[in-house]
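S.K.: Sequence plus predicted model, see below.
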Amino acid sequence: MPYMLRCTLRFLAALMLVAVSGGAQPAPRPTVTFSPHVFRSSKGDTIQAELGELIVPERRASSSSRRITLRFVRFRSTAAAPGAPIVYLAGGPGASGIRAAAGPRFPLFMALRELGDVIALDQRGVGQSATMAPCTARTPVDLSQPLTRATLVTFTRDGLTDCITQWTAAGVDVDGYTTRESAADIEDLRRALGVPQVALWGISYGSHLGLAVLRYHGRSVSRAVFAGIEGLEQTVKRPALTDSLFVRVQRLIDADTTARTAYPDIAFTMRRVHARFDSAPQRITATPPGATAPLTLTIGAFPLQMLVGGMIADPAGIARVPAMYAALDAGRVDVIAGPLIGALSGMSTFFGMPELMDVASGIDRARLVRVAREAERGLLGDALNFPMPHLAGIRPSIDLGAGFRAPLRSSVPTLFISGTLDGRTSPTEASEVRAGFSRGRALIVEHGGHNIFEADPRVAEAVVTFLRGGTPVERIEMAPPRFFVPR
């Protein structure tokens, strides 16, 4: 039968099916259950809330995937006529929204109840929505050899591959752990609640997830607030922007007479220390958390660069970096022994959701080439991003593809909050994301860091103002960090 004739017959058959069935039937509305819940903050505050449970497919494209349960806490609105429910999207990936609500952001969760119900969600695979057990790689990292970029990358790729095999054998559909599936979870939650729209409030990876909701379910979102913005193509951060942060840090150091004398060129000192660690890996000794005996490791520069990548999220950590490098430059490797051994001793454990989400969001070839080029001379190389792009390509079936990472266009009113001392997510990349938003607004927090919502009361006020439909301030100035200088 000729190809065109086959196509015509299939088309006519499809029309007949629609005519007989009366058109496509809408998917059944997901169901959600609630139970009373006494919520306690980390400071001991208690509030009557509700614990919600939503059952969703682990992977929607597979009819054989198991069903998983997502849990969240709903704080009922105090408004007489509540607006759209506000869904909090935690960062990480892998952070718990429920735990975040109990921490320093608890007052903001409470304040937002003036506008609508506030929902602290544990995303799939996280916290009370955990769906897989942490996995220990059956071939642990060899801690007797020098820990360099090469050894850590090889172990991490092999270890996660082994854990994917273990999770799959336990019945986990690992390809369901993508940001697109999580975005569909938010849409199912909206439908289960029976509301036309929700508002989104996210930070870091939570902004990445929120942007995916806007890409695939934008009509379901009334307004959004994102901080520490990670665009859909920005899972892997640019090393050159980290270098730009340290240029800003040096300017702040130079403005302090005492600090300028102690740290005349922090970038030069960092490069000198890294070169020494790579040419002659250093031995460090400390007792890991929970252990009874000390552990000795030999490390190159890469683990140190990883440690610093974690420290520079916020100004308080940034302020400790110059003194740490001054001590390392003087040969005092003991200053990093405890934190590094605590982190590296857990290298053989994988949690699933954090690693898989980043692998799925992936990186396009052009950005990978750019990151590699910038990393060659970058102060932290590509350690800020570990374990991405180092895990890129480990499971091709999970990659969401170039379409997911393409520039996003949206008309949803969205507030983008960036701190000028955010060493994790650069304001430069936030502005690139915001360029696609016809109703996007920027709030720049001078000397603010990554964890910005609780850093200054004026930030929380801006969040409430914007989600209420008002116009928040465009700039907030915080005090610069004070750099520690040993006497």
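M.R.: Thanks, I have the structure now.

S.K.: Counting neighbours, which bits of the longest strand seen in the chain end up buried?
M.R.: Among the elements of the chain assigned as strand by DSSP state E, the one spanning the most residues is strand 46-57. Buried residues in strand 46-57, counting neighbours by 16 or more other Cβ atoms under 10 Å, are found at I47, A49, E50, L51, G52, L54, V56, P57. Every C-beta, even on glycine, is put in place using the N, C-alpha and C of the backbone.

S.K.: Walk me through which strands it pairs with, and which way each runs.
M.R.: strand 32-40 (antiparallel), strand 67-75 (antiparallel) (DSSP bridges).

S.K.: For the last one, list the C-alpha coordinates in CSV.
M.R.: Output in CSV follows, covering the C-alpha atoms of strand 67-75 (Å, rounded to 0.1, in the frame of the first residue of the first chain):
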residue,chain,number,x,y,z
ARG,A,67,2.8,5.2,41.9
ILE,A,68,4.6,7.4,44.4
THR,A,69,3.4,9.6,47.2
LEU,A,70,4.3,13.2,47.5
ARG,A,71,3.8,14.9,50.9
PHE,A,72,3.5,18.5,51.8
VAL,A,73,2.4,20.8,54.6
ARG,A,74,-0.4,23.3,53.9
PHE,A,75,-0.7,26.4,56.0
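
S.K.: so L51 bridges to which residues?
M.R.: Note on L51: beta-bridge partners by DSSP bridges are S35, V73.

S.K.: Quick one: residues contacting E474.
M.R.: When contacts are counted by Cβ atoms under 8 Å, 6 or more residues apart in numbering, E474 touches R441, A442, L443, I444.

S.K.: what are the ranges of the strands in the stretch 351-487 of the chain?
M.R.: With DSSP state E, counting those that start in this stretch applied, the stretch 351-487 of the chain shows strands at 414-419, 440-446, 475-477, listed in chain order.

S.K.: Of these, flag the one that's most buried.
M.R.: For the strands of the stretch 351-487 of the chain, average neighbour numbers computed from mean count of other Cβ atoms under 10 Å are highest in strand 414-419, which has a mean of 26.

S.K.: and the angle from that strand to strand 440-446?
M.R.: With axes from the mean of the first three to the mean of the last three Cα atoms, to 10 degrees applied, the angle from strand 414-419 to strand 440-446 works out at 20 degrees.

S.K.: Walk me through which strands strand 414-419 pairs with, and which way each runs.
M.R.: The pairing partners recorded for strand 414-419 under DSSP bridges are strand 221-227 (parallel), strand 440-446 (parallel).

S.K.: Among the ones you listed, which comes closest to P196?
M.R.: P196 sits nearest to strand 221-227 of all those, at 8.4 Å, using Cβ to Cβ.

S.K.: what about that closest one, average pLDDT?
M.R.: The predicted model assigns strand 221-227 a mean pLDDT of 98.

S.K.: Show me what counts as buried in the next helix-or-strand element following that strand.
M.R.: Helices and strands here follow DSSP states H and E; after strand 221-227, the next one along the chain is helix 239-254. Buried positions in helix 239-254, judged by neighbour count with 16+ other Cβ under 10 Å: P239, A240, L241, T242, L245, F246, V249, Q250, L252, I253.

S.K.: Now helix 239-254 - C-alpha only, PDB.
M.R.: Once side chains and other backbone atoms are set aside, the C-alpha atoms of helix 239-254 remain, and they are given as PDB (Å, rounded to 0.1, in the frame of the first residue of the first chain):
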ATOM      1  CA  PRO A 239      33.700  29.500  36.000                       C
ATOM      2  CA  ALA A 240      34.300  33.000  34.600                       C
ATOM      3  CA  LEU A 241      31.400  34.300  36.700                       C
ATOM      4  CA  THR A 242      33.000  32.900  39.800                       C
ATOM      5  CA  ASP A 243      36.200  34.700  38.900                       C
ATOM      6  CA  SER A 244      34.100  37.900  38.600                       C
ATOM      7  CA  LEU A 245      32.800  37.400  42.100                       C
ATOM      8  CA  PHE A 246      36.400  37.300  43.500                       C
ATOM      9  CA  VAL A 247      37.200  40.600  41.600                       C
ATOM     10  CA  ARG A 248      34.300  42.100  43.600                       C
ATOM     11  CA  VAL A 249      35.500  40.500  46.800                       C
ATOM     12  CA  GLN A 250      39.000  42.000  46.300                       C
ATOM     13  CA  ARG A 251      37.400  45.400  45.900                       C
ATOM     14  CA  LEU A 252      35.700  45.000  49.200                       C
ATOM     15  CA  ILE A 253      38.900  43.800  50.800                       C
ATOM     16  CA  ASP A 254      40.700  46.900  49.400                       C
END
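
S.K.: Let me see the ranges of the strands in the stretch 151-300 of the chain.
M.R.: Taking DSSP E, counting those that start in this stretch as the criterion, the stretch 151-300 of the chain contains strands spanning 198-203, 221-227, 282-286, 295-299.

S.K.: For R215, find the nearest of those strands.
M.R.: Taking Cβ to Cβ as the criterion, strand 221-227 is the member of the strands of the stretch 151-300 of the chain that comes nearest to R215, at 10.6 Å.

S.K.: List of residues touching that closest one?
M.R.: Counting contacts by Cβ under 8 Å, 6+ apart, the residues touching strand 221-227 from outside are 83-84, 197-204, 206-207, 210-211, 213-214, 412-418, 452-453, 459, 463, 466-467, 469.

S.K.: Show the average pLDDT along the longest strand of the chain.
M.R.: Strand 46-57 comes out with an average pLDDT of 98.

S.K.: before we move on, the earlier item: with the buried residues of helix 239-254 in mind, which one is nearest to P389?
M.R.: For these, the minimum distance to P389 (Cβ to Cβ) is 11.4 Å, reached by P239.

S.K.: Report the contact partners of that closest one.
M.R.: V371, E374, A375, G378, L379, L380, G381, D382, L384.

S.K.: can you put these in TSV and add distance to G403 and pLDDT?
M.R.: As requested, these are arranged in TSV below (distance: Cβ to Cβ, whole Å; pLDDT from 0 to 100):
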residue	distance to G403	pLDDT
V371	20	98
E374	25	98
A375	26	97
G378	29	97
L379	33	98
L380	30	98
G381	30	97
D382	25	96
L384	26	93
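
S.K.: Tabulate the strands of the stretch 151-300 of the chain (JSON lines), appending distance to M311.
M.R.: Below are these laid out as JSON lines (distance: least, Cβ to Cβ, whole Å):
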{"stretch": "strand 198-203", "distance to M311": "18"}
{"stretch": "strand 221-227", "distance to M311": "19"}
{"stretch": "strand 282-286", "distance to M311": "16"}
{"stretch": "strand 295-299", "distance to M311": "16"}
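
S.K.: CSV for those, including distance to M478 and mean neighbour count?
M.R.: As requested, the strands of the stretch 151-300 of the chain are exported to CSV (distance: least, Cβ to Cβ, whole Å; neighbours: other Cβ atoms under 10 Å):
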stretch, distance to M478, mean neighbour count
strand 198-203, 17, 26
strand 221-227, 14, 26
strand 282-286, 34, 17
strand 295-299, 34, 18
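
S.K.: Among those strands, which comes closest to S348?
M.R.: Comparing the strands of the stretch 151-300 of the chain against S348 with Cβ to Cβ, the closest turns out to be strand 295-299 (13.2 Å).

S.K.: Excluding sequence neighbours, find me the nearest residue to V412.
M.R.: Across the structure, with Cβ to Cβ, 6 or more residues apart in numbering as the measure, the residue nearest V412 apart from its sequence neighbours is V221 (5.1 Å).
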